[in-house]
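**Q** could you look at this predicted model? Sequence included:
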2 protein chains.
Amino acid sequence: MPVVYIEDIARYVGQEVTVRGWLRTHRSSGKIQFLTVRDGTGDLQAVVSRGVVGEEQFAQSARLTQESSLILTGTVKADMRAQGGYELEVIRIEPIQIAEPYPIQPKEHGVGFLMEHRHLWLRSSRQHAILRIRHEIIRACRNFFDDRGFVLVDAPIFTPNACEGTTTLFQTDYFDDKAYLTQSGQLYSEATAAAFGKVYCFGPTFRAEKSKTRRHLMEFWMVEPEVAFAELPEMMDLAEALLSFIVGRVLETRRTELAVLERDTSKLDRVVPPFPRISYDEAVSLLQKKSNPIQPGDDFGGDEETLLSHEFDRPVIVHRFPRAIKAFYMQSDPERPDLVLCMDVLAPEGYGEVIGGGQRIHEQDKLMARIQEHKLPEEAFRWYVDLRRYGSVPHAGFGMGIERVVAWVCGLDHVRETIPFPRMLYKLYP
Amino acid sequence: MPVVYIEDIARYVGQEVTVRGWLRTHRSSGKIQFLTVRDGTGDLQAVVSRGVVGEEQFAQSARLTQESSLILTGTVKADMRAQGGYELEVIRIEPIQIAEPYPIQPKEHGVGFLMEHRHLWLRSSRQHAILRIRHEIIRACRNFFDDRGFVLVDAPIFTPNACEGTTTLFQTDYFDDKAYLTQSGQLYSEATAAAFGKVYCFGPTFRAEKSKTRRHLMEFWMVEPEVAFAELPEMMDLAEALLSFIVGRVLETRRTELAVLERDTSKLDRVVPPFPRISYDEAVSLLQKKSNPIQPGDDFGGDEETLLSHEFDRPVIVHRFPRAIKAFYMQSDPERPDLVLCMDVLAPEGYGEVIGGGQRIHEQDKLMARIQEHKLPEEAFRWYVDLRRYGSVPHAGFGMGIERVVAWVCGLDHVRETIPFPRMLYKLYP
């Protein structure tokens, strides 16, 4: 008797199979019980008839509670009325464990309650859809870079120095020293790009921001490509290609999940090159026209990103921000030294920034001046400056936040559901 | 004029191309200079003739130091004498930055010195070979699980509780709380396996072990599959299939890199199923026969692993260890309650443990008893116990340490070169 996964059930029509899973729902109409069983790969309707399984098993089946685990053996039938188009005519039903009253009911629960039960909430159809799309997005990123000859060279998590300021760093004792948890693999990827030409790193990053917004997590995953000999325009092309590829892949392989989430896929269909590209100056004018109080020189906050992001039907690339509001390592625009050769890519529909990056300073004297200007510890950045002493080349890269991309592609209003176990302010359990 | 990567050079024979890279070596014989240039994708011999490039560029070329960055334009020629089979007859040579005297010379350097210059050491052929094999191994793992319907569900890095004891945990302030850096995603994967059936997580893990051995890093990557309804024998099959797949893939795609490392690939050719499977008891007898002082009940240390691992020509699976020396969550052997249904997979050639795993306790009362016996904080494990209250099923999984597999496949005598930026005792820079 084959033991099968529900996703493969169509291949077994007319055959006897065994399915192992958990009870989602249970309806009874006298001599027949309808069970919806999930096994992680899909849901299946199982029909338990008193006449077939006998009195004892029928009574046992009736006592099954939501999320009880069970093993079913039966015959697969095609049935248009059943969810998924197939049902199982049960011959034998074998409970494994009768679940205690399940805390998550079909009724509405508050997010706080659901988060407290995240380990169980993950069993819901909606969370399945989101996390399967997340998996596909991660796979698409890796395929994208692998297929283009990028070498995966992961950056360390423990770092001795801070990439963008120390106020938002998590710190740990590291034997007789202190270590900080990485906020970005970029500096390391600059070293590895000088070794391998085209690289990416892909891992968790950490930001101890004492803020509660729908776009922030303390622990989030980033993919960060870095390319030797590349300049800002190539990064715009690469970001555009990456986002189009990801969205195309999800549309191709995760239609079912997008439907579960009731995602308007017509909006995703529009995510194809070319993406609009506007300068920071143009973005500020646009915001001001929309009555946003931003002044030239100000950085964008959540409101500005949301506003801009609603202006376009696909991601928009905003480039060349004022040097004063950007990180020390960013290359100046030769035509406008008050600006840097950087970009933010904002997802549409109000989702805001999903990618940030640009060209890095490759001249040693200029980098040293910036390090001093920003009062960074020179000794900690010695290795980073070395990259400008031994065969420096123009180079550029960017970082893409996975959770923000998942939120956008899935159409969620908060990033908290985009990662299996979100870590938020005061939120560390389960 | 196409700008090409060296790995693609064969496609441009007879054509004029531009190559951008760094100078590895430089030889001169009067009117001709031979440069070896690397661009991260490969090495290329470039021939600079005074007669072709002219006096000024020829002199400029002569001044290029090791690791100087440059742009070369020239004609691609097939030449059996050149490394790789091709050379570039240079028409124009354009230095970008003349490197300062490069600290890493072809002579022997101590490992301490090389580690201090890890950001530059990564440019060597040997490090290229190792890290490209690492990339292939990571890709192979992901392909393996993706192709078998496993869902990637990443575990959190910040955890409130410790999986296997607190003495080796890195701790950080988490706002008003304390968080620990994960040592294993397993407990979380048990939750997600109950949601998705077959899952894996793949991320960095941390162990604050105050020990210096050739097998330990403070920060290392693990891939951890977990399968609902699976028991120990299936995990043995899965581990065997995974390791064979990885080794096969590297042999298929990374022959050049294995040759750079002078790896004896005949040893890797033997890594095919079935792997020998021996019980802990049999392993102890074997060790004693080899004059190892181990006593029944003792755990294996590095010496025991090395000894056992030399006894077989492929990985060996050692199963059913004494319960007393193993983690609280391990399922007892119904036939021998003093043993647990676990396994270690030891790589051959003395490499020792690369995989550890087994079957988990799925009965609530039994798990609670173990938690109390091990004096673990019940409140922190509440969610974990919940998994036994709401549809518990037998389940099993394992963790595979990436760096140990890379060390074995590459034939290295220490794990420190298997990760781009190793984190070791007192070693946090660069």
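**A** Good, I have the coordinates.

**Q** only C-alpha atoms from now on, for both contacts and neighbour counts.
**A** Noted.

**Q** which residues touch the longest strand seen in chain A?
**A** In chain A, taking DSSP state E as the definition, the longest strand is strand A:16-29. For strand A:16-29, the external contacting residues (Cα atoms under 8 Å, 6 or more residues apart in numbering or on different chains) are A:1-6, A:33-40, A:62, A:64-76, B:229, B:391.

**Q** out of those residues, which sit inside helices?
**A** In helices, defined here by DSSP state H, the members of these are residue A:62.

**Q** narrow the contacts of strand A:16-29 to just the buried residues.
**A** A:5-6, A:33-40, A:62, A:64-76, B:229, B:391 (16 or more other Cα atoms under 10 Å in any protein chain shown).

**Q** wait, what's in contact with the closest residue to residue A:60 other than its chain neighbours?
**A** Using Cα to Cα, 6 or more residues apart in numbering or on different chains and skipping residues adjacent in sequence, the residue nearest residue A:60 is residue A:95, 7.9 Å away. Counting by Cα under 8 Å, 6+ apart, residue A:95 touches A:60, A:61, A:64, A:68, A:69, A:70, A:71.

**Q** per-domain residue ranges of chain A.
**A** Annotated domains of chain A cover A:6-97, A:118-417 [automatic domain parsing].

**Q** dump these to CSV, plus distance to residue B:133 and mean pLDDT.
**A** Listed next are the domains of chain A as CSV, based on distance: least, Cα to Cα, whole Å; pLDDT from 0 to 100:
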stretch, distance to residue B:133, mean pLDDT
domain A:6-97, 32, 95
domain A:118-417, 10, 95
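
**Q** between the ones you listed, which gets nearest to residue B:100?
**A** domain A:118-417 (5.9 Å; Cα to Cα).

**Q** what is the end-to-end distance of that closest one?
**A** Terminal residues of domain A:118-417 lie 9 Å apart, using Cα to Cα, to the nearest Å.

**Q** now swap in stretch A:377-397 and tell me
**A** 24 Å.

**Q** return the distance of it from the chain's centre.
**A** 30 Å (Cα atoms, centre = their mean, to the nearest Å).

**Q** is it in proximity to chain B?
**A** Yes. Using Cα under 8 Å from any Cα of the partner chain, stretch A:377-397 reaches chain B at A:383, A:387, A:389, A:390, A:391, A:392, A:393.

**Q** among those residues, which are in strands?
**A** Those of the residues of stretch A:377-397 next to chain B lying in strands (DSSP E): none at all.

**Q** flag every residue of the stretch 1-150 of chain A that's near chain B.
**A** A:20, A:22, A:39-41, A:67-69, A:96-102, A:117, A:119-120, A:122-124, A:128, A:131-132, A:135.

**Q** mind listing the strands for the stretch 201-350 of chain A?
**A** For the stretch 201-350 of chain A, the strands defined by DSSP state E, counting those that start in this stretch occupy A:219-228, A:277-279, A:316-322, A:332-333, A:336-347.

**Q** number of residues surrounding the closest residue to residue A:244 other than its chain neighbours?
**A** For residue A:244, ignoring the flanking residues on the chain, the nearest one in space by Cα to Cα, 6+ apart is residue A:272 at 5.4 Å. By other Cα atoms under 10 Å in any protein chain shown, 16 other residues sit near residue A:272.

**Q** cool, the one 4 residues further on as well?
**A** Using other Cα under 10 Å, the number of residues around residue A:276 comes to 14.

**Q** what lines up beside the one helix or strand residue A:44 maps to in the sheet?
**A** Using DSSP states H and E, residue A:44 sits within strand A:43-49. Strand A:43-49 has its sheet partners listed here by DSSP bridges as strand A:32-38 (antiparallel), strand A:86-97 (parallel).

**Q** which residues touch residue A:282?
**A** Per Cα under 8 Å, 6+ apart, neighbours of residue A:282: none.

**Q** alongside chain B, which residues does the stretch 301-430 of chain A contribute?
**A** Residues of the stretch 301-430 of chain A lying near chain B (Cα under 8 Å from any Cα): A:383, A:387, A:389-393, A:419-423, A:425-426, A:428-430.

**Q** any chance of the strands paired with strand A:43-49 in a markdown table, with distance to residue B:217 too?
**A** Converted to a markdown table, those look like this (distance: least, Cα to Cα, whole Å):
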| stretch | distance to residue B:217 |
| --- | --- |
| strand A:32-38 | 40 |
| strand A:86-97 | 41 |
